[in-house]
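>>> Here is my input, please return the structure:
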Amino acid sequence: MGFETQDVERKMLAILKVLSDSQEAIGARVIARRLKDHGVELGERAVRYHLKLMDARGLTQLLGRRDGRVLTEQGIDEVGSALVKDKVGFAISRIELLAFRTDFDPQNRTGSVPVNVSLFPKAQFKKALQVMKLAFAAGLCVSDLVAVADEGESLGELVVPEGRVGMATVCSVVVNGTLLKAGVPMDSRFSGILQIRNGKPLRFVELIQYSGCSLDPSEVFIRARMTSVAEVAKSGNGKVLATYREVPALCWPIVEEMVTKLKEAGLDGLLVMGHASETVCEIPVELNRVGIVLFNGLNPVAAAVEAGIEVENHGMSTIIKYQNLIKFEEL
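Residues are numbered from 1 along each chain as shown. Sure, this is the predicted structure:
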């Protein structure tokens, strides 16, 4: 009985997460489809059953048979605190899921790419663009391709709330997804703060391991104001967001080929790619492995936060069609 109760709680938490990611009321059919996208197999009838339980507990509220449900204040609190042990490793799970959903073809430049979504107050968006412009121009990002949406519009599966402007930036997981489709396994190890000196990567000064984290580490670093992206863009010295990955040394030629193709499509972000068992940015590399350091796609947004602009970030949040992205300079 205890196991069954725990299983119900996990399914309810999964539904709560889907509802929390939506800015509008959604019904059982949409919830079931989005759960499947996240690897949770739960039919429409089963979702309805769990929603009734959640209504009784005051976690959700039915707005109408056609309109669907939204979270109550109690439901929002539950998402933030329930089953914390299940959220350990949530970051690495999100990376693996986004990598699997990425179907970008660098040869034909078609398909979807993973993105981060940042929400800016409307009144501050113009100022944010000016601040981020330097970071994009300096190449402190995965790509200068972005997507923008006004309130009520969607960026992937995320609907921009009232009073906000949403901007999607390409996430470094695009490298994971592209290599996965090419048959190369990529181990995402850390997200961290990378020190840049004279325009070149020096060393990691802070690290958070993906497998032991319940949040996207980049969101933590940005909130804590631990970056100096704007200063790096101006002088070539400071601290930026970066990620560390490893691939089998045997796959090095394929990795080099795919990274080149991504770069030609405007999706780069590669900072350092070492050689077999070679230490990279003071990170020791295991035997027969190659260390890779990538820029984090949220660096330009971090520069905006450094300038005092209020930003709500959803790192590694969804996928967007490559054809729907535009150059930042066109904004």
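
>>> and residue 127, how many neighbours does it have?
Close neighbours of residue 127, defined as other CB atoms under 10 Å, add up to 15. No exception for glycine: its C-beta is placed from N, CA and C like everyone else's.

>>> Tell me the secondary structure at it.
Here residue 127 takes the helix state, with states given by DSSP: H, G, I helix; E, B strand; the rest coil.

>>> nearest spatial neighbour of it, skipping sequence neighbours?
Residue nearest to residue 127 in three dimensions, not counting chain neighbours: residue 309, with 6.4 Å by CB to CB, 6 or more residues apart in numbering.

>>> For residue 13, give me the pLDDT.
We have a pLDDT of 83 for residue 13.

>>> What is whichever helix or strand it is part of packed up against?
Secondary structure from DSSP states H and E places residue 13 in helix 2-21. Helices and strands touching helix 2-21, by 3 or more CB pairs under 8 Å, 6 or more residues apart in numbering; DSSP states H and E, are helix 28-37, helix 44-56, strand 68-71, helix 73-81.

>>> Rebuild those as a markdown table, extending it with distance to residue 94.
Shown next, in a markdown table, are the helices and strands packed on helix 2-21 (distance: least, CB to CB, whole Å):
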| stretch | distance to residue 94 |
| --- | --- |
| helix 28-37 | 12 |
| helix 44-56 | 21 |
| strand 68-71 | 20 |
| helix 73-81 | 15 |
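
>>> Most tightly packed of those?
strand 68-71 (a mean of 20; mean count of other CB atoms under 10 Å).

>>> Would you mind extracting the C-alpha trace of that one into CSV?
C-alpha atoms of strand 68-71 as CSV (Å, rounded to 0.1, in the frame of the first residue of the first chain):
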residue,chain,number,x,y,z
GLY,A,68,-9.2,22.8,-18.0
ARG,A,69,-7.3,23.2,-14.7
VAL,A,70,-4.7,25.6,-13.1
LEU,A,71,-2.6,25.3,-10.0
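
>>> ok, back up a step: extract the C-alpha set from the helix holding residue 13 and format it as PDB.
Extracted C-alpha coordinates of helix 2-21, given in PDB (Å, rounded to 0.1, in the frame of the first residue of the first chain):
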ATOM      1  CA  GLY A   2       2.900   2.300   0.900                       C
ATOM      2  CA  PHE A   3       4.400   1.700  -2.600                       C
ATOM      3  CA  GLU A   4       1.100   2.400  -4.300                       C
ATOM      4  CA  THR A   5       0.700   5.700  -2.400                       C
ATOM      5  CA  GLN A   6       4.300   6.700  -3.300                       C
ATOM      6  CA  ASP A   7       3.600   5.900  -7.000                       C
ATOM      7  CA  VAL A   8       0.400   8.000  -6.900                       C
ATOM      8  CA  GLU A   9       2.400  10.900  -5.400                       C
ATOM      9  CA  ARG A  10       5.000  10.700  -8.100                       C
ATOM     10  CA  LYS A  11       2.400  10.800 -10.900                       C
ATOM     11  CA  MET A  12       0.600  13.700  -9.200                       C
ATOM     12  CA  LEU A  13       3.900  15.600  -8.900                       C
ATOM     13  CA  ALA A  14       4.500  15.000 -12.700                       C
ATOM     14  CA  ILE A  15       1.100  16.500 -13.500                       C
ATOM     15  CA  LEU A  16       1.800  19.400 -11.200                       C
ATOM     16  CA  LYS A  17       5.000  20.100 -13.000                       C
ATOM     17  CA  VAL A  18       3.200  20.100 -16.400                       C
ATOM     18  CA  LEU A  19       0.600  22.500 -15.000                       C
ATOM     19  CA  SER A  20       3.300  24.800 -13.500                       C
ATOM     20  CA  ASP A  21       5.100  25.000 -16.900                       C
END
